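Asks: build me a structure from this.
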Amino acid sequence: MILLPYDRLPREFRCDEVKKYYDIIDKKRFSLVLKRITDVVLALLMLLLLCIPMLVIAVMVKATSKGPVLFKQDRVTTYNRTFRIWKFRTMTVGADHAGALVTSENDSRVTGVGRTLRKFRLDELPQVFHVLSGKMSFVGTRPEVPKFVRQYTPEMMATLLMPAGITSLASIRFKDEDAIIGAVSDPDEVDRIYVEEILPKKMAYNLRYISRFGFRRDLYLMLSTVKHVIS
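Replies: Residues are numbered from 1 along each chain as shown. Below is the predicted model:
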């Protein structure tokens, strides 16, 4: 990842709330280089080791429900740029247009295979390709949909100074996010609960990550993610 000069950042980043986080990252450019090297090496190793398991998952998704193998959706990453995220499809076709943008507990849109994939975060595996391309990193703020990013406070925009991540302290702490939302079925209410109650807490963790950013901390978060997934 290359950190842009402050005066070349998009306008929404050039404010006092973001500047304090920019200054922290700017002093850790070597850690940014190590982060990128680690991302590329690990992504290549994962593709070699998981190509067959990913093929098996693809066949299971296709064989157990109608629709494509991959779910694709616009998400936001570094410097407020939009990209199409890839996941193994865990919901019925068109689910993102037929309900809330986040899932609640026992969401009827989730398929049987999809529940297992979500439980062990196997649906995230295709994002390894995004890590290779530099659109994502293994550790960083989980990429949100543009609708939610538009509701960020100026300080929250600081989380977009770095690539979106597959895992983070926030995603570990909110591993059972759907259970927190509960059994609410109204899409507008689900999105309201997420934006007003969950997102601010997640962003507090994400901002803390940036304020303490370091290569060793990334390694710790990756190991913690593995521990939480298998526990």
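
Asks: and the most centrally placed residue in the chain, how far from residue 68?
Replies: Centroid-nearest residue in the chain, with Cα atoms, centre = their mean: residue 142, separated by 2.4 Å. Per Cβ to Cβ, to the nearest Å, residue 142 is found 22 Å from residue 68. (C-beta placed from N, C-alpha, C; glycine too.)

Asks: would the residue nearest to the centre of the chain count as being in a helix?
Replies: No. Counting by DSSP: H, G, I helix; E, B strand; the rest coil, residue 142 is not part of a helix but coil.

Asks: which residue, other than its chain neighbours, is closest to it?
Replies: Leaving aside its chain neighbours, residue 142 sits nearest to residue 171 (5.3 Å; criterion: Cβ to Cβ, 6 or more residues apart in numbering).

Asks: in which helix or strand does that neighbour reside?
Replies: Residue 171 belongs to helix 169-173 when assigned by DSSP states H and E.

Asks: and that helix, what does it pack onto?
Replies: In this structure, helix 169-173 makes packing contacts with helix 199-211, helix 215-230, judged by 3 or more Cβ pairs under 8 Å, 6 or more residues apart in numbering; DSSP states H and E.

Asks: out of the ones you listed, which gets the lowest mean score?
Replies: With a mean of 90, helix 215-230 has the lowest mean pLDDT of those.

Asks: how far does that one sit from the chain's center?
Replies: The gap between where helix 215-230 is centred and where its chain is centred comes out at 15 Å by Cα atoms, centre = their mean, to the nearest Å.

Asks: quick one, that helix and helix 199-211 angle?
Replies: Helix 215-230 runs at 140 degrees relative to helix 199-211, counting by axes from the mean of the first three to the mean of the last three Cα atoms, to 10 degrees.

Asks: I'm done for today, thanks for sticking with me.
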